[in-house]
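Trainee: next one to model:
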Amino acid sequence: MQKPWYRERWPWLLMLPPAASVIGGFVLLYFAVESPNALVVDDYARIEEISAAEAVADRHAAERGLAADVALSAGERGDTRLTVQVTGDLGAAPPATLVLRLRHAGNAAGDRTVTLTFDGRAYGGRAALIDGRYDFAIEPEDGVWRLAGAVGRAPTTVHVTATAPE
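Mentor: Next up is the predicted model:
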């Protein structure tokens, strides 16, 4: 007497790869829905608006002849000490604080915004940074001018000079 097909080993082994593909497809669909890609942009008009504002701020920094030395060093509590020395025409009195926006090149969770305070010589602050490259922008709280550049892991010092956009 012959066994029914569902009692045989070969039909089940032949059905295993398609079944695994279907399960894998559902797992990929779940991850696609639950964690959307941060690089996908919906509002192109807003991006253009931000780019235009940054170009104006860059032009103002170039007109003032601004430059900065950005130094990263290890802090006492495992964080990173940030020191910024700005040269050029800051006006009659240098601003009491500057805003340093750090954007991690590969991980949006590593983005930081740090308020730097002036101690009479330089601006300083602290932040918990993850390893990797950061693009940064230094600007006063009113956003009149902006200095931008990129920096790697601490300890390091980067010199940035304002350039007018074309």
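Trainee: going forward, measure contacts and count neighbours with C-alpha atoms only.
Mentor: Fine.
Trainee: where does pLDDT dip in the chain?
Mentor: 36-41 (pLDDT under 70).
Trainee: can you give me the helices in the chain?
Mentor: 9-34, 44-64 (DSSP state H).
Trainee: out of these, deepest packed?
Mentor: helix 44-64 (a mean of 16; mean count of other CA atoms under 10 Å).
Trainee: show residues contacting that one.
Mentor: 88-90, 143-147, 161-165 (CA atoms under 8 Å, 6 or more residues apart in numbering).
Trainee: ok, of those residues, which one's closest to Gly124?
Mentor: Distance to Gly124 across the contacts of helix 44-64 (CA to CA) is lowest for Leu147, with 15.9 Å.
Trainee: residues contacting the residue nearest in space to the middle of the chain?
Mentor: The centroid of the chain falls nearest to Arg103 when counting by CA atoms, centre = their mean (2.0 Å). Residues near Arg103 by CA under 8 Å, 6+ apart: Gly110, Asp111, Arg112, Tyr134, Asp135, Phe136.
Trainee: one more time with 6 Å
Mentor: Contacts of Arg103 were listed using CA atoms under 6 Å, 6 or more residues apart in numbering, and they are Asp111, Tyr134, Asp135.
Trainee: in terms of contact, does Ala67 touch Thr161 like I think?
Mentor: Yes. Using CA atoms under 6 Å, Ala67 is in contact with Thr161, at 4.3 Å.
Trainee: one step back: give me phi/psi at the nearest residue to the residue nearest to the centre of the chain once chain neighbours are set aside?
Mentor: Using CA to CA, 6 or more residues apart in numbering and skipping residues adjacent in sequence, the residue nearest Arg103 is Asp111, 4.6 Å away. Note on Asp111: its backbone torsions stand at phi -70, psi 140 [degrees, to the nearest 10].
Trainee: wait, Asp111 sits on Ala105?
Mentor: No. In this structure Asp111 lies outside contact range of Ala105 using CA under 6 Å: 8.8 Å.
Trainee: who's more crowded, Ala67 and Thr161?
Mentor: Neighbour totals were compared for Ala67 and Thr161, and Ala67 leads with 21 against 18 (other CA atoms under 10 Å).
Trainee: and the gap between the more buried one and Asp89?
Mentor: Going from Ala67 to Asp89 by CA to CA, to the nearest Å gives 10 Å.
Trainee: repeat that for Thr156.
Mentor: Thr156 is 25 Å from Asp89, where distance means CA to CA.
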